[in-house]
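Peer 1: Mind looking at a prediction? Sequence and model below.
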Amino acid sequence: MSEPDPELADIFRDEATQRLDNMDAVLLAIESGHVNAGAVDSLFRDAHTIKGAASMLGFDDIRTLAHAAEDILASARQSGVLPPDIAGPLLRATAALRAMVAGSGEPIDGVLNDLAASRPAAEVPAAEVPVPEVPVPEVPVPEVPVPEVPASEVSDAGAPAARARAPETETAAGIPEAVRTPGSQRTLRVSVAKVDHLVDAFGEFMQYRRRMVHSLSQESKLTPEMADMLLGGAHMLDDLKDTAVRMRTLPLSVIVGPLPHAVRDIAHAAGKEVDFVVTGADTEIDRVILESLSEPLTHLLRNAVGHGIESPAERERAGKARRGRVELRAVSRGSMVEIVVADDGRGVSPEVSEKARREGSLVDLLTRAGYSTAAEVTELAGRGVGLDAVKTYVTSVRGSLEIRSEPGRGMEVVLLLPLALALVETLLFERGGAAYGVPMTSVDEVVMVGKTLTLQRRRALEVHGRSLPVVDVAAVVGAPAPPLRERSPGFVVSTAGRQVITTCDVLLGSEEVMIKPLGLASTAGYLGASILGDGRIALLIEPALLARGSPHAATMPAPAAVPGPADAPKILVVEDSFTVRELQRSILETASYPVATARDGRDALAALDRDPQIALVITDLEMPELDGIGLTRAIRADPARSSLPVVIVTARAAEEDRRRGIEAGADAYIAKRSFDQHTLLGIVERLVGR
């Protein structure tokens, strides 16, 4: 049997997943005793459609299991009712179908036996099984007709006759006719790589335009006509940005489908009764974030049900409804998306709440690795481990985490995640000549900091009746800087239940910037970097770092100014990553070295031919055209520059890679994971004699 067309297989997986989401929603309602008159018909249609499509494509196990579920539902249609106790076996069947659709299914014999054993119960006449009629919301599923295949043409070998007739019902491109009906919204499948490239290209163009505007403004060449043209271009650029971002975002509903089933299983295992409610499932978020969001949400839901919601008896003693309530809410907040997992369970104890107040916030306490202790296990059992993983995830995608809880009244865990991973609305500022940024979602307001008071041996300023601690960003990141002016600008950062005033030299304003990973060392404390219009690197600082106010907490401090002679030797930086290249250039120029740059080895050789003043080369290892090893060998093979010092800075830290670099003739080899500016400047000074 030939493999199914990949495009048709993708279409099948998308539709089958939607139909399984719908089946789970209806079955969970039936299991709770709530059903409407059309529920069984809806389930039958979904199972029948999955069976027919799987048969056409040759997915035999999926066809077999869907057919078994369809038989149960056909009997229920004849009897007029689906008893609640049959929902369990059908839910196990939808779980197995979902796994097989995703390509990770296991043997289905046990599920088939469960369905066969439950079939007699589905044949009980409706008059003998009274069921309350309550409307059940259904997940909308696009109706894509699957051709009916007569039973005589379907064999256990995989329905060859049906597959042979498939081209009659589809276009040459493999798209069902229903998708092409007049007036319907047409869709086009585009590879993820192409969309990602579009977003990256837009970001680079946005940075290029800002640098061009800055250059024209500096040289006083910006005429009114040019200003109007640039303004019109800015509007078109905004439209392009919105289109690119929308292409890369997907609704939360893409990953929500399996969650009601998961909550139900967790609740059953714990002997609890839980209603699970989802709102805002159509809220869109960056695809890269969405792909990795399922695990953190599952952590939070497991904690909410297993450790938050009380047993039915305990809830009744507390005057609550027997059934607990767990909510998943999503809403757009400008350039961010707020996702909340809330429960109406026991919450944290008064003792834990007071401890969190003393130590900073619930986030600081509950996400501390290994927090749970024997004395507190009854209140928080397992919460620390799950929340620690959630915090790590949120930080990795440049978001923030907040936890709210009242004893006896439940808990809310709030994830604030970027709508688009690459673009962040940022407040830009300067300190000690270096540029920094912080996400605007964490900035409450801008203030002027003059005379301050001392509170618990820390500087503080009263804002709106509250005394907030004041920190100098230079002290937080460990960067050298002159003393601040008597009155200096600052801004209130709010994150994880904390507020702090951060002071700086100059506020540059807010701007939507393209964030690039630093690609160097351990970058705890930084979310990434962006290139400003004037060519400088702005480091984006984690709001939590500023809120903690811990001195020297960042692992990659800003470049330190090192005085040097006017005739300092020129250095060539060779790096295909624009962000890393500019960051290294910034470090070296701050240390008073003239710097030239090149994008790869071939570009570097051309630069060496043009400029005999270059006294040292710093190169990446992996680059297009000509890599760092090839560049080093080419330099050593040229008698005119064979003694030119070469330093390799690369992400490849294996001993074998280091040996290859040294054998090629490199004078020094720095792994990016252990990179810091002081190491780089020390090696440069040793090699060029400064």
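Peer 2: Cool, got the structure.

Peer 1: CA atoms for contacts and neighbours, from now on please.
Peer 2: OK.

Peer 1: Let's see the helix or strand hosting Gly509 as CSV, backbone CA atoms only.
Peer 2: Using DSSP states H and E, Gly509 sits within strand 506-514. The C-alpha coordinates for strand 506-514 follow below in CSV (Å, rounded to 0.1, in the frame of the first residue of the first chain):
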residue,chain,number,x,y,z
VAL,A,506,17.9,59.3,29.9
LEU,A,507,14.5,57.9,28.8
LEU,A,508,14.6,57.3,25.0
GLY,A,509,10.8,56.6,24.7
SER,A,510,8.8,53.5,23.7
GLU,A,511,9.3,51.6,20.5
GLU,A,512,8.2,48.3,19.1
VAL,A,513,11.5,46.5,18.6
MET,A,514,12.7,43.2,17.0
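
Peer 1: buried residues in that strand?
Peer 2: By 16 or more other CA atoms under 10 Å, the buried positions in strand 506-514 come out as 506-507, 511-514.

Peer 1: what do you get for stretch 476-485?
Peer 2: Judged by neighbour count using 16+ other CA under 10 Å, the buried positions of stretch 476-485 are 476-481.

Peer 1: Reformat those residues as JSON lines; add secondary structure.
Peer 2: What follows is these, written out as JSON lines (DSSP: H, G, I helix; E, B strand; the rest coil):
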{"residue": "Val476", "secondary structure": "helix"}
{"residue": "Val477", "secondary structure": "helix"}
{"residue": "Gly478", "secondary structure": "coil"}
{"residue": "Ala479", "secondary structure": "coil"}
{"residue": "Pro480", "secondary structure": "coil"}
{"residue": "Ala481", "secondary structure": "coil"}
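
Peer 1: can you tell me which of those residues lies nearest to Asp239?
Peer 2: Nearest to Asp239 among the buried residues of stretch 476-485: Val477, at 36.5 Å, using CA to CA.

Peer 1: in what helix or strand does the spatially most central residue of the chain lie?
Peer 2: Nearest to the geometric centre of the chain sits Ile289, at 2.3 Å (CA atoms, centre = their mean). Following DSSP H and E, one finds Ile289 within helix 287-291.

Peer 1: which residues make contact with that helix from outside it?
Peer 2: If you take CA atoms under 8 Å, 6 or more residues apart in numbering as the criterion, helix 287-291 is touched by 248-250, 252, 255, 397, 421.

Peer 1: Keep only those of those that are in strands.
Peer 2: Among the contacts of helix 287-291, the ones falling in strands (DSSP state E) are 249-250.

Peer 1: roughly how far is the strand holding Gly509 from the heart of the chain?
Peer 2: Strand 506-514 sits 23 Å away from the centroid of its parent chain (CA atoms, centre = their mean, to the nearest Å).

Peer 1: strand partners of it, parallel vs antiparallel please.
Peer 2: strand 423-431 (antiparallel) (DSSP bridges).

Peer 1: Tell me the helices and strands packed up against the next helix or strand after the strand it pairs with.
Peer 2: As assigned by DSSP H and E, the chain's next helix or strand after strand 423-431 is strand 434-439. Applying 3 or more CA pairs under 8 Å, 6 or more residues apart in numbering; DSSP states H and E, we find strand 434-439 packed against strand 423-431, strand 537-541.

Peer 1: so which of the ones you listed comes closest to Tyr526?
Peer 2: Smallest distance to Tyr526 across the helices and strands packed on strand 434-439 (CA to CA): 4.5 Å, for strand 537-541.

Peer 1: Can you name every helix or strand that that closest one contacts?
Peer 2: Partner elements for strand 537-541 (3+ CA pairs under 8 Å, 6+ apart): strand 434-439, strand 526-531, helix 578-590.

Peer 1: let's see it at 10 Å
Peer 2: Packing contacts for strand 537-541, counted by 3 or more CA pairs under 10 Å, 6 or more residues apart in numbering; DSSP states H and E, involve strand 423-431, strand 434-439, strand 526-531, helix 578-590.

Peer 1: what comes into contact with that strand?
Peer 2: For strand 537-541, contacts defined as CA atoms under 10 Å, 6 or more residues apart in numbering pick out 398, 424, 426-430, 434-439, 473, 477, 513, 515-516, 518, 524-532, 554, 556-558, 579-580, 582-587.

Peer 1: Figure out how far it is from the centre of its chain.
Peer 2: Using CA atoms, centre = their mean, the offset of strand 537-541 from its chain centre is 20 Å.

Peer 1: Kindly export the very next helix or strand once past it (C-alpha atoms) in CSV.
Peer 2: Downstream of strand 537-541, the first helix or strand assigned by DSSP H and E is helix 543-548. The C-alpha coordinates for helix 543-548 follow below in CSV (Å, rounded to 0.1, in the frame of the first residue of the first chain):
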residue,chain,number,x,y,z
PRO,A,543,11.5,42.9,34.5
ALA,A,544,11.9,40.4,37.4
LEU,A,545,15.6,41.3,37.6
LEU,A,546,14.8,45.0,38.1
ALA,A,547,12.0,44.1,40.6
ARG,A,548,14.4,42.1,42.7
